[in-house]
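Enquirer: sequence and predicted model, in that order:
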Amino acid sequence: MSQPVISVKHLVAAYQKNTVLENVSFSIPAGSLTAIVGPNGAGKSTLMKVLLNLHPAITGDITFFGRPFKEVKKRIGYVPQRGSVDWDFPTDALDVVTMGLYGDIGWFKHPKKQHKARAFEALEKMGMQAYAHRQISQLSGGQQQRVFLARALVQNADIYFMDEPLAGVDAATERAIMATLKKLNALGKTVIVVHHDLQTVEDYFDHVLFLNQTIISHGKTQDVFSKDNIRRTYGGNIRWLGGVD
């Protein structure tokens, strides 16, 4: 089995007095493409935010490559939920992607020609080069998601976290995003995705993590994506899926 690149032990997190994550422990193998699935309110986005130091943990131990997040954060890329972003901010697509390079550029410094070139190349990979100078507020939801994925790509990270990147996008954008994630995976990158569509899990992901405040099951998709684990995670309140053992 691959050496874990992420290790989480006994994680607990809450919003005010409401516990959202309880005794969460798991590890993610290097080079895996993992779906985090679970019902609304299960703590999927919160888990991602806690791992990325965007929300505090009450207790628990989290390491990346055996080290704390702050020591390796340049090796980690993140695509948040599209709904959490202020798309009315007056900037164009190329500038949004260039923001992914500020670890290299340095804050309060102007990007150089080579930085802009790298950002444009990332937009090309997502089929968005024609929109480089379009205001982000003028883009469709699917186009905005492609721009945010390009911003993550330009970082050339080793681990990518993506919170519902396929939510609310058209079929062509979904195919383009998944093709990009699989290319990253083929390059040995580790990709973790909060995902909502159980019907595509087996086609899209090689690992799956079932979450409902705590870990219900986690492992290779072929081993753990089953009717029993879906029932245990969703409480039986879900329309049945054909083809799942």
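Expert: Perfect, I can see it now.

Enquirer: and the residue nearest the centre of the chain, its phi and psi?
Expert: When CA atoms, centre = their mean is applied to the chain, the residue found nearest the centroid is Met162 (1.4 Å). With angles defined as degrees, to the nearest 10, Met162 sits at phi -140, psi 120.

Enquirer: my guess is it contacts Thr190. True?
Expert: No: if you go by CB atoms under 8 Å, Met162 and Thr190 don't touch, sitting 11.6 Å apart. (Each C-beta comes from the backbone N, C-alpha and C, glycine too.)

Enquirer: does Asp61 sit in a helix or strand, and which one?
Expert: Take DSSP states H and E as the rule and Asp61 turns out to sit in strand 59-64.

Enquirer: and that strand, what does it pack against?
Expert: Other helices and strands packing on strand 59-64, by 3 or more CB pairs under 8 Å, 6 or more residues apart in numbering; DSSP states H and E, are strand 4-15.

Enquirer: contact partners of the longest helix seen in the chain?
Expert: Counting residues, the longest helix found in the chain (DSSP state H) is helix 171-186. Helix 171-186 has contacts (CB atoms under 8 Å, 6 or more residues apart in numbering) with 31-33, 125-127, 142-143, 145-146, 149, 153, 160, 162, 165-166, 169, 191, 193, 204, 206.

Enquirer: which of those residues count as buried?
Expert: Among those, those classed as buried by 16 or more other CB atoms under 10 Å are 31-33, 125-126, 142-143, 145-146, 149, 153, 160, 162, 165-166, 169, 191, 193, 204, 206.

Enquirer: which ones among these lie within strands?
Expert: If you go by DSSP state E, the buried ones among the contacts of helix 171-186 have Leu33, Tyr160, Met162, Val191, Val193 in strands.

Enquirer: who's in contact with the residue lying closest to Gln129 once chain neighbours are set aside?
Expert: Leaving aside its chain neighbours, Gln129 sits nearest to Leu123 (5.0 Å; criterion: CB to CB, 6 or more residues apart in numbering). Contacts of Leu123 were listed using CB under 8 Å, 6+ apart, and they are Ala93, Leu94, Val97, Gln129, Tyr131, Ala132, Val147, Ala150.

Enquirer: tell me which strands and helices the host helix or strand of the third one is in contact with?
Expert: Under the criterion DSSP H and E, the helix or strand holding Val97 is helix 93-98. Counting contacts by 3+ CB pairs under 8 Å, 6+ apart, the secondary-structure elements packed against helix 93-98 are helix 113-125, helix 141-153.
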